[in-house]
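1. the following block contains a protein sequence and its predicted model.
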Amino acid sequence: MTAEYKVQGDVAVITLNNPPVNGLGYDTRLGITNALEKANGDPAVKAIVLTGAGKAFSGGADIREFNDASRAMREPNLNSVIAALENSRKPVVAAIHSVCMGGGLELALGAHYRIAAPGTKVALPEVKLGLIPGAGGTQRLPRVLGVETALNIIVSGEAINSEMLAGLPGQKLFDQLAATPEALLDEAVSLAQKVAAQHADGAPLPLVRNLPCSHPNAEAYFQFARNMVKGMAKNFPAPAKCVDAVEYATKLRFDDGMAKEREIFVNLMQTPECKALRHIFMAERAASKIPDVGSDVKPRDVKTVGVIGAGTMGGGIAMNFLNAGVPVTILETKQEALDRGVATIRKNYEAQVKKGKLKQDKYEQRMALLKTTLSYDDLKDADLIIEAVFEELGVKEAVFTQLDKVAKPGAILASNTSTLDVDKIAAFTQRPQDVVGMHFFSPANVMKLLEVVRGKATAKDVLATVMGVAKKIKKTAVVSGVCDGFIGNRMIEQYSRQAGFLLDEGATPQQVDKAIEKFGFAMGPFRMGDLAGNDIGWAIRKRRAVEKPGMKYSATADKLCELGRFGQKTGAGWYDYQPGKRDAIPSEVVTKLIEDHRKALGITPRKISDKEIVERLVFSLVNEGAHILEDGIASKAGDIDMVYLTGYGFPIWRGGPMQYADQVGLFSVAEAMKRFAQNPNDDAAFWEPAPLIKKLVAQGKTFN
């Protein structure tokens, strides 16, 4: 049973028990209403306490019903359960603790009285899924906290501590704050007995819905709120709709306000933004699950970490572990490199202290966990060693050969390679089962993505350990198989190739960048190249010329590099840069270079629409992503989306490349690919839709 029923003296206690957060799925909703009926029918029961087992009162909707509207709305739906609470003839006390969010808070607002344990996190986070609260949250919360406080909570979706809310003047959310979390149930039972005595004569029970809801300067306030929301959430419709719904609470009768809330909720469910955010919510949780690595696989202990290389990447990787309280030893070959690396780490932390994001004592604690060394012997006790050295196989071989000699048995040896073969790297050791790829993204202390590259020999417990470590250092980990570029860089190469062909055909770097940035990318391909360093792509293309001589590229990027225009670090790339500034200034040198190259190819430039630019760039990601799924490099489309959302600046409100393709419709995507294949200046072979796309189109299915 997911709603347990017990009687304590003359009080019935209904306990939600649907781990991990007591989600309000159908069985739980039915259990609550059945228990309410039982309590109301028992003459010995005078009052009812509703609480949650384990680590939550309730986190809201059951995510297993997330994309199944028919099950989520099956009676009794959440509104019906709340009505049953309100209509109970005996007083209902909600005993709230730990987590009270979304539908869980809406449920508590349907009780006649509420008592909260200190430290309870209270929130209505629906806006983060592109929705508004759909079971009275926008109508009841303003009645107990006031319009402005309630709207701030609803629009932000952020959690607030129960003590803070209990301390607000005039709040009616909590009737009582328990002395301690442990005392909550006893105090709730006492409160239930007390209010039962007060209502023994049949006096009406208090209902949140009957409280007044108004604002002294409503018109001006709601206009101000709309202006604020418009500036902060221009690509998301839900925040503005939260404002509308709360305004209805001040203008309409309660039931009419509820009808408006429901109408807004149902309409938002169908928006692409809401579908994208719900997809992300599910995909992020699914990414941590590896099909053949179950919960029975015991991870290894990681109490100390070694990092090889104190450059930008090595320093950033080290900071992740220092932030999580894990001791780190950084190894370098020269003392100057070590000193430089430590100075950069200090500088990064000091900048956080200056901005008030980090307290001085925390900074000092983190730095105290850092050791430095010039000797591999000092890594002999490390549980996890991550190399972050130059991206060249010979360099990696020297490092892993040495690690194999000094690392203790069972230590995990990880490579931060972004493109190289992890199986070849593992073969440099006598323990390939302990070798794994941990591809951090730069800056490693900021970017959320961690590509975990599974070699053919990588042990299951190594994978389980690294996924756990990723969670500890607050990364979104996605497992990739071994191939050139793994998931992210293998796909970005096709995107970059398309960007080059667009220049050959008539576009400018700024037109391409502006079109894809308007679509929602954080940065266009040419600005991104300048930031990362155009010489990195140049090195990859030189390698490709040997490995895949038939692969077609625009020569403009190579010509740019031949001029030494590597990007921001040289003050010139696809754009010009002024010293100390990052503003991308269109370059006459680059314009002439592109024009001369077109003449040499005999191409007459044509006008290219922003729509074509976006489709060619995004659909190139989609087609390569489909090949990656076919090859088993990624286990699910959602993993590819998480890589692009957390590592490559893909717009969140579009849900990632594979989700976006689903929204556009895979038939339309395949038709566009066939059109691009007719372009003589493009790569016709690449635009052949991947077999997986053809199969899904034929079956009328989607990636996700």
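-> Noted; the coordinates are in hand. Residues are numbered from 1 along each chain as shown.

2. OK, contacts around the spatially closest residue to residue 55 that is not a sequence neighbour?
-> Leaving aside its chain neighbours, residue 55 sits nearest to residue 98 (5.2 Å; criterion: CB to CB, 6 or more residues apart in numbering). C-beta coordinates here come from the backbone N, C-alpha and C atoms, glycine included. When contacts are counted by CB atoms under 8 Å, 6 or more residues apart in numbering, residue 98 touches 52, 55, 56, 57, 117, 119, 120, 121, 181.

3. confidence score at the last one?
-> Going back to what we said before, that points to residue 181. pLDDT, residue 181: 96.

4. what's the burial count for it?
-> For residue 181, the tally of surrounding residues (other CB atoms under 10 Å) stands at 14.

5. pull the contacting residues for it.
-> Going by CB under 8 Å, 6+ apart, residue 181 touches 97, 98, 117, 118, 119.

6. buried sites along the lowest-mean-pLDDT helix or strand in the chain?
-> Sorting the helices and strands of the chain by mean pLDDT, DSSP states H and E puts helix 69-72 at the bottom, at a mean of 70. If you call a residue buried by 16 or more other CB atoms under 10 Å, then helix 69-72 has these buried ones: residue 72.

7. following it, which helix or strand shows up next?
-> Tracing the chain past helix 69-72, the next element assigned as helix or strand by DSSP states H and E is helix 78-86.

8. and the pLDDT at the residue nearest to residue 55?
-> Residue 98 is given a pLDDT of 97.

9. now swap in residue 62 and tell me
-> At residue 62, the model reports a pLDDT of 83.

10. roughly how far apart are it and residue 103?
-> Between residue 62 and residue 103 the computed distance is 9 Å (CB to CB, to the nearest Å).

11. overlap in contacts, these two.
-> residue 24.

12. quick one, which of the two is more surrounded?
-> residue 103 (27 against 23).

13. show me where the stretch 401-550 of the chain has helices.
-> Taking DSSP state H, counting those that start in this stretch as the criterion, the stretch 401-550 of the chain carries its helices at 422-426, 460-472, 488-505, 509-519, 525-532, 534-547.

14. any idea which of these gets closest to residue 81?
-> With CB to CB as the criterion, residue 81 lies closest to helix 460-472 of those, at 33.0 Å.

15. for residue 86, see how far away residue 110 is.
-> As defined by CB to CB, residue 110 lies at a distance of 5 Å from residue 86.

16. swap in residue 337?
-> Residue 337 is 68 Å from residue 86, by CB to CB.

17. residue 116 now?
-> Distance, residue 116 to residue 86, using CB to CB: 19 Å.

18. quick one: which of these two has more around it?
-> With neighbours defined as other CB under 10 Å, residue 116 and residue 86 compare such that residue 116 has more, 28 against 17.

19. would you agree the more buried one is in contact with residue 162?
-> Yes: counting by CB atoms under 8 Å, residue 116 does reach residue 162; the two are 4.1 Å apart.

20. overlap of the contact sets of those two?
-> The contact lists of residue 116 and residue 162 share 96, 100, 122, 174, 177, where a contact means CB under 8 Å, 6+ apart.

21. what is the nearest of those residues to residue 342?
-> residue 122 (42.0 Å).

22. so the residue lying farthest from the centre of the chain, which state does it fall into?
-> Distance to the chain centre peaks in the chain at residue 201, reaching 52.9 Å (criterion: CA atoms, centre = their mean). Under the three-state scheme (DSSP: H, G, I helix; E, B strand; the rest coil), residue 201 adopts coil.

23. okay, it: pLDDT?
-> 89.

24. and what of residue 581?
-> Note on residue 581: pLDDT of 88.

25. now do the one 3 residues further on
-> Reading off the per-residue confidence, residue 584 sits at a pLDDT of 94.

26. now the nearest residue to it once chain neighbours are set aside: how far from residue 587?
-> In this structure, residue 584 finds its nearest non-sequential neighbour in residue 575, 3.8 Å apart by CB to CB, 6+ apart. For residue 575, the distance to residue 587 equals 6 Å [CB to CB].

27. where are the low-confidence patches of this structure?
-> The model of the chain has pLDDT under 70 over residues 66-67, 69.

28. gap between the one residue sitting closest to the centre of it and residue 486?
-> Most central in the chain under CA atoms, centre = their mean is residue 284, positioned 6.0 Å from the mean C-alpha point. Using CB to CB, we find residue 284 at a distance of 19 Å from residue 486.

29. wasn't residue 13 part of a strand?
-> Yes: under three-state DSSP, residue 13 falls within a strand.

30. so it sits right up against residue 49, yeah?
-> Yes: applying CB under 8 Å as the test, residue 13 and residue 49 come out as touching, 4.8 Å apart.

31. more neighbours: these two, which one.
-> residue 49 (28 against 21).

32. who does the helix or strand harbouring that one pair up with?
-> Applying DSSP H and E as the criterion places residue 49 in strand 47-52. Next to strand 47-52 in the sheet, as set by DSSP bridges, lie strand 11-16 (parallel), strand 92-96 (parallel).

33. pick the most deeply packed of the ones you listed.
-> Comparing the strands paired with strand 47-52 by mean neighbour count (mean count of other CB atoms under 10 Å), strand 92-96 ranks first with a mean of 29.

34. of the strands paired with strand 47-52, which is nearest residue 450?
-> Taking these one by one with CB to CB, strand 11-16 is closest: 34.3 Å.

35. what's downstream of that closest one, the next helix or strand?
-> Following strand 11-16 in sequence, per DSSP H and E, is helix 26-40.

36. quick one on the thing from earlier: tell me what the residue nearest to residue 584 is bridged to.
-> Residue 575 forms beta bridges with residue 586, as assigned by DSSP bridges.

37. that one: what's it in contact with?
-> 509, 510, 526, 527, 530, 584, 585, 586, 587, 590.

38. buried subset of those as a PyMOL selection?
-> Entered in PyMOL, the line below selects the buried ones among those, by 16+ other CB under 10 Å:
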select buried, resi 509+510+526+527+530+584+587+590
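
39. my guess is residue 287 contacts residue 475, does it?
-> No: counting by CB under 8 Å, residue 287 does not reach residue 475; the two are 10.6 Å apart.

40. which residues does stretch 609-619 contact?
-> The contact list for stretch 609-619, computed with CB under 8 Å, 6+ apart, reads 495, 498-499, 501-502, 507, 511-512, 514-516, 518-519, 525, 657, 660-661, 669, 672-673, 676, 682.

41. for stretch 508-526, same thing?
-> The contact list for stretch 508-526, computed with CB under 8 Å, 6+ apart, reads 235, 495-496, 499, 502-503, 527, 531, 573-575, 584, 586, 590-591, 594, 608, 610, 613-614, 617-618, 649-651, 653-654.

42. now the buried members of these.
-> Among the contacts of stretch 508-526, the ones that count as buried by 16+ other CB under 10 Å are 495-496, 499, 502-503, 527, 531, 573-575, 584, 590, 594, 608, 613-614, 617-618, 649-651, 653-654.

43. domains in this protein, by residue range?
-> According to automatic domain parsing, the chain comprises the domains 3-269, 305-480, 488-699.

44. dump the ones you listed to TSV, plus distance to residue 276.
-> Output for the domains of the chain, formatted as TSV (distance: least, CB to CB, whole Å):
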stretch	distance to residue 276
domain 3-269	7
domain 305-480	16
domain 488-699	3
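
45. which one of those lies nearest to residue 280?
-> Shortest distance between residue 280 and the domains of the chain, using CB to CB, is found for domain 488-699: 6.0 Å.
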